[in-house]
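# Sequence and predicted structure below; questions after.
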Amino acid sequence: MENVYRIAKLIQACVLGKASVEEEEEVERWLEESERHRELFQIFESEEFVNIQRIEHELFDEERGFSRFILAKRMIDRRCMLRRVAMIAAIFVLLMGVGLGGWVVFQEEKYVPLVKLETDSIVPGERKAVLVLNDGKHIDLRDTMQVEIGECETRIFVAGDSTRLVVKDNSIEPSLHTVFTPVGGEYKLTLSDGSRVWLNASSHLQFPSVFQNDKREVQVEGEVYFEVSKDSLRPFLVRTGDVVVEVLGTSFNVRAYSGEEYKTTLVEGSVAVGYLGETMKIRPGQQWVLEKDGPKVHEVKIKSVVSWKNGDFAFEDQVLPEVFNELERWYDIDVFINNDAIRNMKFTGIFPRYENINDVLHIIELATCVKCSISGKTIVVSMDK
């Protein structure tokens with residue numbers, strides 16, 4: 001492991017142009033050992049990685065093949081500079097396919113463990129939801145189940161192997177149903193028109209068993225991603241409070257958690273977002289945000305916004321309270337930040353949603369110089385002095 005740390009330190013010097021002739025020769029010998037070493041060096045030599053030494057916050061490689069490639073934040077003291085080198089070593093471990101459980105922070109030629117975490121009771125979320133029928137009946141949904149549910153003229157088919165929920169209704173008046181995901185849950189379903197919907201943790205979707213002839217309308221809370229089937233005769237409406245998103249056929253993400261800013265992000269197609277009588281159209285790559293002083297439109301990176309749907313957490317220049325809010329919803333934990341300075345710290349990184357909480361907290365600790373302590377299902381975040 002000490003050799004990994006030494007190579008990481010040498011690579012950092014090389015990519016910044018600060019290596020001695022002897023250090024460059026040592027790296028060259030390491031590169032000649034295998035093709036895998038040369039591939040890794042190309043990653044660290046990339047523009048994105050070099051920039052973390054020069055800009056205020058870290059960037060990350062968006063390729064799915066390197067979804068665990070986490071870049072460290074520029075540090076303000078010598079101890080944090082050592083941690084930045086340790087992060088390079090950690091990336092070696094990650095890209096080689098070794099987990100971060102038991103990973104260490106190096107100091108000079110010695111290393112000491114990060115805070116010991118007792119995490120037996122903390123597990124990642126899973127694919128689960130609850131279906132609430134029109135008559136109030138509750139049905140737990142899981143990946144492994146397959147069942148047909150009869151309700152009057154309605155037939156609801158749950159196919160767990162493909163996480164699909166298809167509702168078909170032959171009645172005159174369509175029934176209204178609700179699917180909600182609890183803390184630590186996510187689910188995918190297919191509506192009667194073929195539109196596909198992904199629900200993030202702590203989210204609700206109310207929908208009719210079949211859509212009427214003139215429109216298709218649903219209501220949401222939390223975070224929901226839509227791939228809407230095209231139908232030029234029936235617009236698709238998504239309602240949340242005073243906000244309504246209207247589309248004909250497109251892909252977009254709606255984020256409407258209580259206490260947070262409402263956001264609609266367009267992936268492809270076209271949508272019109274209405275609020276209090278005012279309608280604004282956005283194009284792919286744009287995000288409509290209901291801010292305190294009214295609606296605004298921003299350019300965003302789509303992969304970061306919809307990464308949750310594809311099985312990742314992706315944070316870009318987000319303050320730590322927002323990062324920990326996401327972890328609370330997914331891991332069903334409580335996070336307490338005991339220093340106001342931490343609330344202003346920003347984090348950028350990407351890692352799998354089904355990662356062990358130990359690995360996630362190690363990454364955050366390395367990148368921000370905070371300390372995370374766990375007791376049961378409670379995490380306390382403090383400054384690492």
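Nice, thanks for sending it over.

# okay but Val381 is in contact with Asn338, surely?
Yes - if you go by Cβ atoms under 8 Å, Val381 and Asn338 touch, sitting 6.9 Å apart. Every residue, glycine included, has its C-beta placed from N, CA and C.

# May I ask you to name the longest strand in this structure?
strand 216-227 (DSSP state E).

# Show residues contacting that one.
With Cβ atoms under 8 Å, 6 or more residues apart in numbering as the test, strand 216-227 has contacts from 181, 191, 193, 195-208, 211, 231, 234-240, 247, 250-258, 306, 308-309.

# same check, this time on stretch 323-339
Contacts for stretch 323-339 (Cβ under 8 Å, 6+ apart): 122-125, 183-184, 200-202, 313, 315, 320-321, 343, 347, 353, 357, 360, 364, 377-383.

# If you count neighbours, what's buried in that stretch?
Buried positions in stretch 323-339, judged by neighbour count with 16 or more other Cβ atoms under 10 Å: 323-333, 335, 337.

# any idea which of the residues you listed is closest to Lys296?
Distance to Lys296, by Cβ to Cβ, is smallest for Asn325 among the buried residues of stretch 323-339, at 21.0 Å.

# Look at the closest one and report its pLDDT.
The score at Asn325 is 95. That number is its pLDDT.

# Name the SS class of it, please.
Three-state assignment for Asn325 (DSSP: H, G, I helix; E, B strand; the rest coil): helix.

# and it, how far is that from Val197?
Remark: distance between Asn325 and Val197 (Cβ to Cβ, to the nearest Å) = 22 Å.

# Ile333 too?
Distance, Ile333 to Val197, using Cβ to Cβ: 26 Å.

# do the same with Asp312
Distance of Asp312 to Val197, computed by Cβ to Cβ: 19 Å.

# do the same with Ala13
Distance, Ala13 to Val197, using Cβ to Cβ: 50 Å.

# In terms of packing, which of those two has more residues around it?
Val197 (22 against 16; other Cβ atoms under 10 Å).

# Check the more buried one and give its pLDDT.
93.

# Specify the beta-bridge partners of it.
In this entry, Val197 is beta-bridged to Leu189, Phe226, by DSSP bridges.

# tell me, how many neighbours does the residue lying closest to Val267 once chain neighbours are set aside end up with?
Nearest in space to Val267, with sequence neighbours left out and distances taken as Cβ to Cβ, 6 or more residues apart in numbering, is Ser251 at 4.1 Å. Ser251 has 20 neighbouring residues, counting by other Cβ under 10 Å.
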